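S.K.: Make a model of this:
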Amino acid sequence: MAKALAQKRESLSQVAYDQIKDMILQKELIPGQFINESQLQEMLCLGRTPVREAILALAQDNLVTVHPRRGIEITRPTPKDIHDIFEIRSLLEPTILRQCFTMVDPQWAMDMRALLLQHEDDSAGNSAETAAPLIELDNRFHLELVDTLRNQYATNLMRSLVDYLNLIRVTAWRPIRYRASNREHIDILNAILEQDLEKSCRLLSDHIHLSYQEAINTMMHSSF
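M.R.: Residues are numbered from 1 along each chain as shown. Next comes the predicted model:
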């Protein structure tokens with residue numbers, strides 16, 4: 001009985017975590033907004049314990065900040081946050097691609113390119129709210145490329161960045177950037193399939209830099 005109750009509590013905490021994270025990434029909860037546990041309990045129709053555990057997990061993922069006596073603040077990425085996360089990406093990802101270039105599966109590259117091409121001319125990137133398919137493919141592209149190295153620490157590091165990267169995208173990317181990023185992924189895959197190491201690494205570095213510039217320029221001129 002005790003084990004079943006613990007599993008149920010864990011399940012409800014995961015439900016709360018997923019729902020709050022979705023509200024953040026869909027901008028139903030706005031960066032910089034303050035909210036309290038009672039409001040979240042009412043919104044989610046869940047009890048205090050799963051909501052509190054979800055908040056603690058979200059705080060660990062840097063999606064919220066808990067302020068004693070003030071409430072829960074939805075994370076607002078700062079220029080320093082954006083700089084730091086893209087700096088580590090610019091050091092990590094091109095180096096991994098160079099290291100494992102001969103290990104990249106051509107079939108994976110062709111399949112991934114086909115998926116990206118399906119979204120090249122559609123309207124998925126017309127707004128942040130409708131860009132979910134492109135965000136999902138963006139994450140998948142980078143995660144699976146890093147996975148090619150078969151280094152658990154590199155994989156874990158990249159996975160730890162995903163949620164915060166999603167927050168940066170929905171907060172600091174103009175809608176046009178989603179489709180431009182999709183095109184850049186296709187160009188990188190084309191270079192990989194052409195077996196052009198230098199071009200592949202250069203395009204990947206350029207892609208990360210362009211994504212950084214989009215985010216930092218938007219944040220520097222943001223009114224919130």
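
S.K.: mind giving me the domain ranges of this structure?
M.R.: As given by automatic domain parsing, the domain ranges for the chain are 2-74, 79-220.

S.K.: Return the most buried member of the ones you listed.
M.R.: Neighbour counts (mean count of other Cβ atoms under 10 Å) averaged over each of the domains of the chain peak at domain 79-220, with a mean of 17. For every residue, glycine as well, the C-beta is placed using N, CA and C.

S.K.: What segments of the chain are strands?
M.R.: Ranges of strands in the chain, per DSSP state E, are 34-35, 64-67, 71-74.

S.K.: tell me the pLDDT at the residue lying closest to R159 once chain neighbours are set aside?
M.R.: Excluding its sequence neighbours, the residue lying closest to R159 (Cβ to Cβ, 6 or more residues apart in numbering) is L143, at 6.5 Å. On pLDDT, L143 comes in at 97.

S.K.: For N217, see how far away L143 is.
M.R.: Separation of L143 from N217 (Cβ to Cβ, to the nearest Å) stands at 26 Å.

S.K.: The chain: helices as residue ranges?
M.R.: With DSSP state H as the criterion, the chain has helices at 2-25, 37-44, 48-60, 79-99, 106-118, 132-147, 152-172, 175-193, 197-220.

S.K.: Would you confirm that E37 contacts P50?
M.R.: No. The pair E37 / P50 is not scored as a contact, 10.7 Å apart, by Cβ atoms under 8 Å.

S.K.: Tell me which of the strands of the chain approaches Q152 most closely.
M.R.: Among the strands of the chain, strand 64-67 comes nearest to Q152, with 27.6 Å by Cβ to Cβ.

S.K.: Show me what that closest one is packed up against.
M.R.: Packing partners of strand 64-67 (3 or more Cβ pairs under 8 Å, 6 or more residues apart in numbering; DSSP states H and E): helix 48-60, strand 71-74.

S.K.: strand partners of it, parallel vs antiparallel please.
M.R.: Strand 64-67 has these partner strands in its sheet, going by DSSP bridges: strand 71-74 (antiparallel).

S.K.: Would you mind writing the CA trace of stretch 33-51 as PDB?
M.R.: Taking Å, rounded to 0.1, in the frame of the first residue of the first chain, the C-alpha atoms of stretch 33-51 are listed here in PDB:
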ATOM      1  CA  GLN A  33       5.500  36.600 -13.800                       C
ATOM      2  CA  PHE A  34       5.000  35.700 -10.200                       C
ATOM      3  CA  ILE A  35       2.600  33.000  -9.200                       C
ATOM      4  CA  ASN A  36       2.000  31.000  -5.900                       C
ATOM      5  CA  GLU A  37       1.400  27.400  -5.100                       C
ATOM      6  CA  SER A  38      -2.300  27.900  -4.300                       C
ATOM      7  CA  GLN A  39      -2.900  29.400  -7.800                       C
ATOM      8  CA  LEU A  40      -1.100  26.500  -9.400                       C
ATOM      9  CA  GLN A  41      -3.000  24.000  -7.400                       C
ATOM     10  CA  GLU A  42      -6.300  25.600  -8.600                       C
ATOM     11  CA  MET A  43      -5.100  25.700 -12.200                       C
ATOM     12  CA  LEU A  44      -4.000  22.100 -12.200                       C
ATOM     13  CA  CYS A  45      -6.700  20.700  -9.900                       C
ATOM     14  CA  LEU A  46      -3.900  19.000  -7.900                       C
ATOM     15  CA  GLY A  47      -2.900  18.900  -4.300                       C
ATOM     16  CA  ARG A  48      -0.200  20.700  -2.500                       C
ATOM     17  CA  THR A  49       2.400  18.000  -2.400                       C
ATOM     18  CA  PRO A  50       2.700  17.200  -6.200                       C
ATOM     19  CA  VAL A  51       2.600  20.900  -7.000                       C
END
